[in-house]
Structures are given as structure tokens and as C-alpha cells.
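Novice: sequence? don't have it. structure:
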């Protein structure tokens, strides 16, 4: 098994992608193929000696999709871009999974167009592992779609359950439906209909979950449409940033709190990191015919390593096969 | 001007409502009428001596709407409840505004049914002042509606602008539309249509705003449908609680950080409070024929006092008249 990594994607390309592969080889003996401008990748790779070098290969791709590129257009026009070529490797069976920290829209589009949807899945979804006070809750869809049907939400529940079990080790996940009240009569038309379908789905559906319960860990998987999920995800990111900024200001106000803040910096940093989803190795695009991990643009080597490990895990656990059979 | 306060609403009724009125009388010379079981209210009120007692009157109402009551049912059946009677006082011109920290659904329903909608407003909205790194952003609708039309979102922008100017002193508010990308092509059907209407509305529309920008203070008013707004609001509440719980755990891990945490407690408490919307005196239900403030169930005396001050401010600034004339 070899994992294709888009070496040109992300804010710190290709350095951090390359180092991520080195770490994955060293620490977890996972084989990767770095896709992108081979001379740039080689130059980076040459710095590292102490790793099993046979585990890392390079696949040349000359073009780069920029963050400013229009996703669908870029995938169509830049046929020799690292994102497109990395997905082609999976399509052709030369790699078992693909990881990109590049333009999120383009990564998604490339996997949708090149890998294609699993038959029976109408809308693939991005599944985000959110840190909760108890552990992790998988939220989906976090933005692959701008609009969804009630039926989509049931498929999200099914795919989320499979992912939670295969990759996060959560057996028979409790599935919640994000809404504005716990009663089944609360919500918009989409949610009211989805609630009834989920009740009859055979999933371990625990009913509606409110925004305030999301981080309390009341459910293992929470489903919502991609518009709501994306807003929540980005709001959480922004709120963590705003809170830590305010907290820093508050703690630096006096010498004593400053001392405490300095001493507590490592734990606070760790805490802040737990609200950063790169810690969990990126988010899978579930419902396409292959394992595709969408990583954050800010991914560092550790984030790449975690994404590689999560992807390898998803492949070993055959989540694609499991999604297929649950549709049969 | 006299403000009607539902004395029986909220987790600490009637104590905190009564004390809130005493503080409003003492500190801001605002007259209130406490609505509810007169013997219970009198018993509370008797404790306080040092305030202008002519500013507080009592209006007897025998019934109480419980948190577990069905909102519409309760408003229809409990005709002598404090929520219903307080709204009647405004309807009859005996009070200038109404404040309730009771059953949110019932407070909203009572104001909708009894005060009625301002002609031309199709959907009243709850406007929440969210604390940002720069100041305050008014988010609406925060949950008066489960579903909205594009036209509703334009009215929310207009009402939010008037409220921001009259009560928060923000002149010519920048209005943002909550969506999943800054480009006007990003969003669901509702948002795509609302974007075009907002562009032509004459408001100071700055375009789409993403979840991550909400607390950065990029806009003074942010509009969204009531489903999304309510989920965001409750998620923010839950996230603040989860973060502070985790932060506490992190800081109490070592003696030095513990010392710092103890010394920093007052500023951290203040910070936590800034993410609690009771600090801003509750949220107005905009679009009904009268000033109606919906307060949090956990409101303490300070929250009641702030709600009373905000309500008095809204009355003095004639926000109802201003909403009416902007529709003409």
C-alpha cells in the first residue's frame, strides 16, 4: 500500500508535505508517493538521511493549483497538476489513497471527478472530527455541499458511522441530527424530514442534537447539511482564535497572571491544538471511490503524518468496501 | 415610560427580576412594573429600602408559564400568566416595553400574538449582540424562525441596522450575509438570492461573511436564517463552556499555572462573561409592534437591569417608529 501525497498543496509546500512523509515512513513504516515538481521534492528529501528511503517515491507533476484558482476550472485545465495526478494514481490503482492540503475546492472536485461517486451515494460529504470534552465527534457534511436532501443526511449518518468505527474505533456510533431543539418537531423542513428517515434507518439514531451539545460529546456522529456544517466548522475555528486572543490579553494584564500564563503556555498550546482539526490528520471526503483526505492549508509535517496514518487506517479497514456493502 | 418585567420568568424568579428592577430604579431612574404573583413579588421587594420606590409597581398575574410548557399552547391557555399579562400591558399602552427571561418560545409567541407584526414585516427576528474582538456584532435571526425567504433576510438587515444605530450607537452599520465563502456565487439557494436582494437594498451591504469572520467583527450586523442563527448561537455558548472547562483542567495541572490561574480568575471570569449574551441585556424580538426583550433563562439581577436599560433605550430611540418608516 502506498499513499499519494500532493507535495505542492498547503501553505508550507513542499517542505512540510515531504517531512510528513519522512515521519510517516520512520514512525509508522507507511509508504508514500510524493506528487509534484520532482526537482523541488528531491531537494527537500535530500536533507533527510535517517529514514527507510525505499518507502518514499516521487511522481513528477509540473503544474500547481493555486489557492486562488477556480476549483472546477483548475481540475479541468491543469491536467498535469499535483492534485489531479495524485488522484489519477488512486484511480489507476497505483496508490491506495490521496492526501492534499491544497485548494480545498480543487481537492474535493478532483476526487469527485476522477475517483467518482460510490454507486448509490448521491452526495459525498466531508467528515470533520471535532474535539469534544469527552473525545471526538464526527461532524458531516462540513462543506462538500451547499444544499442537501433529507436522504443525503441519512447517507451521511451511515458513512459517518462506518468512518467512526473503522478509523476512530467507535463501535456502533450514536448518530445525532443537528437542529434547533431536541424534540422531533423542531427544525427546518430538511431536518424534520431527515429525522423521520433517520428513525427508520437502522442506525443508532439518538434524535436531534443542539448546537450547545455538539462539543459536549453527546453523539459520536452528527449530521447536517454542508452549508450549516461549513459555517459551524469555520465559526469554531474563528471562535477558538478569538477566545485565545482575548484570553492572552486577560492573562498578560498582571505580573502574577503573566507568570502563570508563561508556565501554562505549553498546556494552553496543546489545548488550542486540540481545537485544530489538522491534529486529527485532515478530513476524509466520504462517498467517493477511494480514500481521499482533505487537509488544512496550514498543515505542518505532523498534520501530514497524521493524515497519512488516518488514510492508511481507512484503507486497511476497507471503509470504501464497507460503504458499498451497506448500500447493497 | 414604564417597562413591564415578567417577574415569574427565568431560573431565579422572582428574586433576580425584582432586584433587577430595584437596580434599574436606583442606577438609571427607570420605572418598571413587575408582573406576576403579587404576594411573592411584594415579599421580595420588601427587602430593599434604599431605592426610589415610586418607580416600581406591581401588576398581579396568577399563572406561570413553565419551561416545559408548549409555547403556543401556554400563551393561548394561560391568559392570566405573567408573560401574557406583561405583553398585554404593552398592547394597551400601559407599558412601553416588555422583558421576559421565561420560556423563550412562549415569550416570542406572546409578543407575536399579542403585540402583532409591524405591517410589512413578514417575519420578526431575534437579534443577538455577539461579542467580537473589536466590539459587538448583531446576529439575526437567532431563532425566531425555523425557515426564511430571501426577502426576510433583507428585512433582518434593515431591522438590524436600525437596532445597531439606536441601541448600540453604530452609525450606518456594515451588513454581512453569513455564507460558506466570500464570493457572491457561494452559498445555498436562499443565500444566493438574498445576496442579490441585499446588493440592491440600499443597506451598507459588505457581501458574504464566513463563520470564521463572525467574531472578528468584520460586520456590525450579520444576517442568516433562524435555523442557522440559532445553531450558531447555541454552539457558541457550548463552545465557550467546553473551552473554559478544558482551560481550567490545563491550568490546574501544575502549582505555578495554578497560582497564575487563581490570580487570573477575575479577568478570566470577565472574559467568560463577555461571551454570555445576558451581559448585553437580552435580545430584542424585532418586527413586532412594541419593544420586546427576550432574556436568557439564567439571567441574574444585572442581566435584568441591562435588559431594562436596553429596552428603555430602544423605546427612547423609537426603533418601532424607525422600522415602520423604513418600510414606507
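Specialist: Arrived safely. Quantities reported herein were computed from a predicted structural model and do not represent experimental measurements. Numbers count the residues shown, from 1 in each chain, chains lettered A, B, ... in the order given.

Novice: where exactly do the strands run in the stretch 1-150 of chain A?
Specialist: A:2-6, A:31-36, A:56-60, A:97-100, A:125-126, A:128-131, A:136-140 (DSSP state E, counting those that start in this stretch).

Novice: Mind listing what's buried along the top helix by length along chain A?
Specialist: In chain A, with assignment by DSSP state H, the single longest helix is helix A:226-251. Applying a neighbour-count criterion of 16 or more other C-beta atoms under 10 Å in any protein chain shown, one finds A:226-244, A:246-247, A:250-251 buried in helix A:226-251. Where C-beta positions appear, they are placed from N, C-alpha and C, glycine not excepted.

Novice: On the strand side of things, show who the closest residue to residue A:6 other than its chain neighbours bridges to.
Specialist: Take residue A:6 and drop its neighbours on the chain: the residue closest to it by C-beta to C-beta, 6 or more residues apart in numbering or on different chains is residue A:100, 3.7 Å away. Taking DSSP bridges, one obtains residue A:294 as the residues bridged to residue A:100.

Novice: will you turn the strands of the stretch 1-150 of chain A into CSV that also has mean neighbour count and mean pLDDT?
Specialist: Below are the strands of the stretch 1-150 of chain A laid out as CSV (neighbours: other C-beta atoms under 10 Å in any protein chain shown; pLDDT from 0 to 100):
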stretch, mean neighbour count, mean pLDDT
strand A:2-6, 28, 98
strand A:31-36, 27, 98
strand A:56-60, 18, 98
strand A:97-100, 31, 97
strand A:125-126, 28, 96
strand A:128-131, 23, 88
strand A:136-140, 27, 94
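
Novice: Let me have the ones you listed in TSV, extended by distance to residue B:285.
Specialist: Below are these laid out as TSV (distance: least, C-beta to C-beta, whole Å):
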stretch	distance to residue B:285
strand A:2-6	49
strand A:31-36	55
strand A:56-60	59
strand A:97-100	46
strand A:125-126	35
strand A:128-131	31
strand A:136-140	30
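
Novice: My guess is residue A:228 contacts residue A:177. True?
Specialist: No. Counting by C-beta atoms under 8 Å, residue A:228 sits too far from residue A:177 to count as a contact (11.1 Å).

Novice: which residues in the stretch 201-328 of chain A form helices?
Specialist: With DSSP state H, counting those that start in this stretch as the criterion, the stretch 201-328 of chain A has helices at A:226-251, A:255-274, A:301-316, A:319-327.

Novice: Pick out the shakiest of the ones you listed, pLDDT-wise.
Specialist: The minimum mean pLDDT among the helices of the stretch 201-328 of chain A belongs to helix A:255-274 (a mean of 63).

Novice: Tell me how far residue A:96 lies from residue A:177.
Specialist: Residue A:96 sits at a distance of 33 Å from residue A:177 (criterion: C-beta to C-beta, to the nearest Å).

Novice: same question, residue A:198
Specialist: To residue A:177, residue A:198 is 6 Å away according to C-beta to C-beta.

Novice: any residues in contact with both of these two?
Specialist: Contact criterion C-beta atoms under 8 Å, 6 or more residues apart in numbering or on different chains; residues bridging residue A:198 and residue A:177 by contacting each: A:153, A:205, A:223.

Novice: So which of those is surrounded by the most neighbours?
Specialist: residue A:223 (33 neighbours; other C-beta atoms under 10 Å in any protein chain shown).

Novice: and stretch A:211-223 with chain B, contact?
Specialist: Yes. Using C-beta under 8 Å from any C-beta of the partner chain, we find that stretch A:211-223 touches chain B at A:211, A:212, A:213, A:214, A:215, A:216.

Novice: hang on, the earlier thing: give me the subset of the buried residues of helix A:226-251 that also touch chain B.
Specialist: A:226-228, A:230-243, A:246-247, A:250-251.
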